[in-house]
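**Student:** Need a 3D model of the sequence below.
(2 chains)
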Amino acid sequence: MEQNIITVRNLVTRFGDQIIHKDLNLDVRKGEILGIVGGSGSGKTVLLNTIIGLNKQESGDIHVFGKNTANPDEIGHIQARWGVLYQQGALFSSLTVAENIEVPMKEIAEIPIPLANELVILKLRMVGLEPETAVKFPAELSGGMIKRVSLARALAIDAELLFLDEPTAGLDPLSADSFDQLIRTLQKNLNLTVLMVTHDLDTILTICDRVAVLLDHKIIIGTVEEIRKNPHPWIQAYFHGARGRAVQVSKDGNKG
Amino acid sequence: MSEISSSTAWVKIDRKGASLLITGGGSWVATSVGQIDESLRNIDFSAIKSCTINLQEASTFDISGAWLIERMVRALKKLGVNYQIQSKDEHLNAILKLIEKYGYEKKIEFNPTSPLVFWIQDIGRHAKKLSIDAIGMTAFLGQLFLTFLVCFRHPSKFRIVPIVAIFNRVGLNAVPIISLIAFLIGVVLIYQGAFQLRKFGAEIYTVDLLAISLLREIGILLTAIIVAGRSGSAFAAQLGTMKLNQEIDALKTFGLDPMEVLVVPRVIALVLAMPMLAIIADFIGLAGGAIMSYVTLDITIDQYLEQLLQSFGPSSFWIGIIKAPVFGFIIAMVGCYEGMQVQGGAVSVGTKTTKAVVEAIFLVIVMDAIFSILFTKMDL
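**Tutor:** Numbers count the residues shown, from 1 in each chain, chains lettered A, B, ... in the order given. Got it, this is the predicted structure:
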């Protein structure tokens, strides 16, 4: 039986009168890449923030690694085992790239500085950056580089669970593609579990094992093939609209 | 899955002649590699012919743990030593293969300069920055005047709604705090003045002391300092954040002049708000003095008013008030200028906001000294 890394049961979140999620259920299995899609304002980022504890739910239970995130005694242990890539990167602007990546290394894992410096170089190389980037400040980096440094920071202490909020948004197609491949490679070799919010059809079709669609405050989940057959008009429009067809044609072409 | 707090790793190093046996155990993960880094780092491979790394007893590996092995492998390869890795973990090979590709030979200096050199360089950097700032602010002042000229030729370019909104924020909302501080200053001046003048039996002149010092200098200076801290900083932080968010760029691409849309309304609002606040500060300060005189000096309100009217002519009042719009202009201009200089990130917003307040207060006091000399020459 597959082990669930995240279980969300009967989740309700709201801002004032506006209901974001209603009786939402979600299971994320160990070792899978799960993509969350949905229209703008459907609450994808809110769901992510609620799971990682930045946003308080109205009711419902969230368990990560089998532990309740609402329990303040347990969340500390969970936090050391996950890494988060924020939409805007969220690098600390007063620290250099190396210092940014070393924050979790020093604060959580207590890795000595000489080793941390070596690991910073390794992690930067893994996310496709030159080690010279280490001494730069976030303000000196381009958008794509910020994303990569942010991923390196999320991977700093070898998290088992990665949350990615629109990892490929704002990247050029080539960078986005290598970003996808990187996440796939890491996930395979390290047995990572990845939960990502994305709009990128390429990413979904290339690397996601399953897709969760946020519709009408709830989630429809399945493999890409299952979801594509779902008759819901939004899903049909999403996967079979002009963009969806174009991506699919190019994928099929590559396979053949 | 092992618990974070309980992950431990160990190594044992046995040297037999030219062969080396490294035995490792426990879980080699990020949270435990710190325990074995030192002993693995200090191994001397130079006289070794063959090396065996036995990891049969180690259970879990991640990238940090595998890196320690990769580091040894690189050293061994460089020396051409035969080596062998024994492990039952199938993940380890995959991870080693993954990180093998990311070799890097060059040394990166994480802290390139020594603190002393950096400190000396910093003096030079500051001097350079100071001169650039002086030129920049002068240019900004010129640009502001030009924009004002354009606005006067086309009065419809004055934006009434933002001016009123900003006036409300920097003027009306500042009334309570300015009143409170002016009241307390009036109280303090009377109290301290009476204490000193009592020695000469001239307690009644405490009122003169308060009136002249408050109206000519303290009332307006205090108001300027509070407004610089309250509104000058707000201008710098707001414009700075707008610049970071590219809102200023967005304005420019619409063909709108940020100077006209953002800076001019702020300057006008503060130039109008300052005299109002200064007048309020004067009156409340004198009222505070009246109450304190009544309580500690037994001077009735009538006596106080009589003494007050004798003590100063209308010029004292106007000398204070005439400075107010000038100070307002300086505070608004410096605040907006520093806000526009923000670049990079959140740190920059912080430093520029600090600079805006410090420079505004500094320039206000310099300007006050100039006014002081001018008024003396004019026999006022």
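
**Student:** Assumed residue B:342 was part of a strand.
**Tutor:** No: according to DSSP: H, G, I helix; E, B strand; the rest coil, residue B:342 belongs to no strand; its state is coil.

**Student:** which residues touch it?
**Tutor:** By C-beta atoms under 8 Å, 6 or more residues apart in numbering or on different chains, residue B:342 lies in contact with B:236, B:239-241, B:243-244, B:348-349, B:352. (Glycine included, C-beta is placed from N, CA and C.)

**Student:** Let's test this: mean pLDDT of stretch B:83-102, rounded?
**Tutor:** Averaging pLDDT along stretch B:83-102 gives 80.

**Student:** what's the first-to-last distance across that stretch?
**Tutor:** End-to-end distance for stretch B:83-102: 20 Å, by C-alpha to C-alpha, to the nearest Å.

**Student:** Model confidence for the residue of the stretch 1-150 of chain A at minimum distance from chain B, exactly?
**Tutor:** Going by C-beta to the nearest C-beta, chain B is nearest to residue A:93 of the stretch 1-150 of chain A, at 3.0 Å. We have a pLDDT of 81 for residue A:93.

**Student:** Can you tell me how far it is from residue B:130?
**Tutor:** From residue A:93 across to residue B:130, the span is 24 Å (C-beta to C-beta, to the nearest Å).

**Student:** Which helix or which strand is home to residue B:98?
**Tutor:** For residue B:98, the element it lies in under DSSP states H and E is helix B:90-100.

**Student:** Could you give the separation of that helix from the chain centroid?
**Tutor:** 46 Å (C-alpha atoms, centre = their mean, to the nearest Å).

**Student:** other SSEs contacting that helix?
**Tutor:** helix A:113-126, helix A:173-190, strand B:50-61, helix B:63-79 (3 or more C-beta pairs under 8 Å, 6 or more residues apart in numbering or on different chains; DSSP states H and E).

**Student:** in stretch B:133-147, what counts as buried?
**Tutor:** Neighbour-count burial for stretch B:133-147, counted by 16 or more other C-beta atoms under 10 Å in any protein chain shown, picks out B:137, B:140, B:144, B:147.

**Student:** Just the mean pLDDT for it, thanks.
**Tutor:** 93.

**Student:** which outside residues touch it?
**Tutor:** For stretch B:133-147, using C-beta under 8 Å, 6+ apart, the contacting residues are B:257, B:259-260, B:263-264, B:267, B:333-334, B:336-337, B:340-341.

**Student:** Would you list the buried entries among these?
**Tutor:** B:257, B:259-260, B:263-264, B:267, B:333-334, B:336-337, B:340-341.

**Student:** Not counting sequence-adjacent ones, nearest residue to residue B:46?
**Tutor:** Leaving aside its chain neighbours, residue B:46 sits nearest to residue B:79 (7.0 Å; criterion: C-beta to C-beta, 6 or more residues apart in numbering or on different chains).

**Student:** Switch the contacts of stretch B:133-147 over to JSON lines; also include secondary structure, distance to residue A:229 and pLDDT.
**Tutor:** Formatted as JSON lines, these follow (DSSP: H, G, I helix; E, B strand; the rest coil; distance: C-beta to C-beta, whole Å; pLDDT from 0 to 100):
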{"residue": "B:257", "secondary structure": "coil", "distance to residue A:229": "56", "pLDDT": "89"}
{"residue": "B:259", "secondary structure": "helix", "distance to residue A:229": "58", "pLDDT": "92"}
{"residue": "B:260", "secondary structure": "helix", "distance to residue A:229": "57", "pLDDT": "91"}
{"residue": "B:263", "secondary structure": "helix", "distance to residue A:229": "58", "pLDDT": "95"}
{"residue": "B:264", "secondary structure": "helix", "distance to residue A:229": "60", "pLDDT": "94"}
{"residue": "B:267", "secondary structure": "helix", "distance to residue A:229": "63", "pLDDT": "96"}
{"residue": "B:333", "secondary structure": "helix", "distance to residue A:229": "65", "pLDDT": "96"}
{"residue": "B:334", "secondary structure": "helix", "distance to residue A:229": "64", "pLDDT": "96"}
{"residue": "B:336", "secondary structure": "helix", "distance to residue A:229": "59", "pLDDT": "96"}
{"residue": "B:337", "secondary structure": "helix", "distance to residue A:229": "61", "pLDDT": "95"}
{"residue": "B:340", "secondary structure": "helix", "distance to residue A:229": "55", "pLDDT": "94"}
{"residue": "B:341", "secondary structure": "coil", "distance to residue A:229": "57", "pLDDT": "92"}
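
**Student:** Now do the helix or strand following the helix holding residue B:98: distance to the chain's middle.
**Tutor:** Later in the chain than helix B:90-100, the nearest helix or strand by DSSP H and E is helix B:115-153. Offset of helix B:115-153 from its chain centre (C-alpha atoms, centre = their mean): 17 Å.

**Student:** I'd like the buried residues of stretch B:133-147 laid out as TSV, including distance to residue A:133.
**Tutor:** Formatted as TSV, those follow (distance: C-beta to C-beta, whole Å):
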residue	distance to residue A:133
B:137	35
B:140	35
B:144	40
B:147	41
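
**Student:** Would you mind splitting chain B into its domains for me?
**Tutor:** Domain assignment of chain B by automatic domain parsing yields the ranges B:4-100, B:138-377.

**Student:** Repeat that for chain A.
**Tutor:** Segmentation of chain A into domains, based on automatic domain parsing, reads A:1-81+A:160-220, A:85-159.

**Student:** Might you report the residue contacts of the residue of the stretch 101-250 of chain B found nearest chain A?
**Tutor:** At 3.7 Å from chain A, residue B:102 is the closest residue in the stretch 101-250 of chain B, using C-beta to the nearest C-beta. By C-beta under 8 Å, 6+ apart, the contact set of residue B:102 is A:122, A:125-126.

**Student:** about what we covered before: would you point out the most distant pair within the contacts of stretch B:133-147?
**Tutor:** Spatial extent of the contacts of stretch B:133-147 (C-beta to C-beta) is set by the pair B:257 and B:334 at 19.6 Å.

**Student:** Touching stretch B:37-52 from outside, list them.
**Tutor:** Identification of contacts with stretch B:37-52 by C-beta under 8 Å, 6+ apart yields A:111-112, A:114-115, B:11, B:13, B:18-22, B:68, B:71-72, B:75-76, B:79, B:81-84, B:86.

**Student:** to the chain's geometric centre, what's the distance from stretch A:180-197?
**Tutor:** 9 Å.

**Student:** Sorry, slip of the keys, the one I care about is stretch B:83-95.
**Tutor:** Offset of stretch B:83-95 from its chain centre (C-alpha atoms, centre = their mean): 51 Å.

**Student:** hang on, the earlier thing: could you say which of the domains of chain B is packed most deeply?
**Tutor:** Sort these by mean neighbour count, taking mean count of other C-beta atoms under 10 Å in any protein chain shown, and domain B:138-377 sits at the top with a mean of 19.

**Student:** Doesn't residue A:10 belong to a strand?
**Tutor:** Yes: Residue A:10 forms part of a strand when assessed by three-state DSSP.

**Student:** How many neighbouring residues does it have?
**Tutor:** Neighbours of residue A:10 under the rule other C-beta atoms under 10 Å in any protein chain shown: 13.

**Student:** what do you get for residue A:39?
**Tutor:** Counted by other C-beta under 10 Å, the residues lying close to residue A:39 total 14.

**Student:** From residue B:80, how far out is it?
**Tutor:** Counting by C-beta to C-beta, the gap from residue A:39 to residue B:80 is 60 Å.

**Student:** so what's the residue positioned nearest the centre of chain A bridging to?
**Tutor:** The centre of chain A sits closest to residue A:164, judged by C-alpha atoms, centre = their mean, with a distance of 1.8 Å. Per DSSP bridges, the residues bridged to residue A:164 are residue A:85, residue A:196.

**Student:** hang on, it packs against residue A:196?
**Tutor:** Yes: counting by C-beta atoms under 8 Å, residue A:196 is a contact partner of residue A:164 at 3.9 Å.
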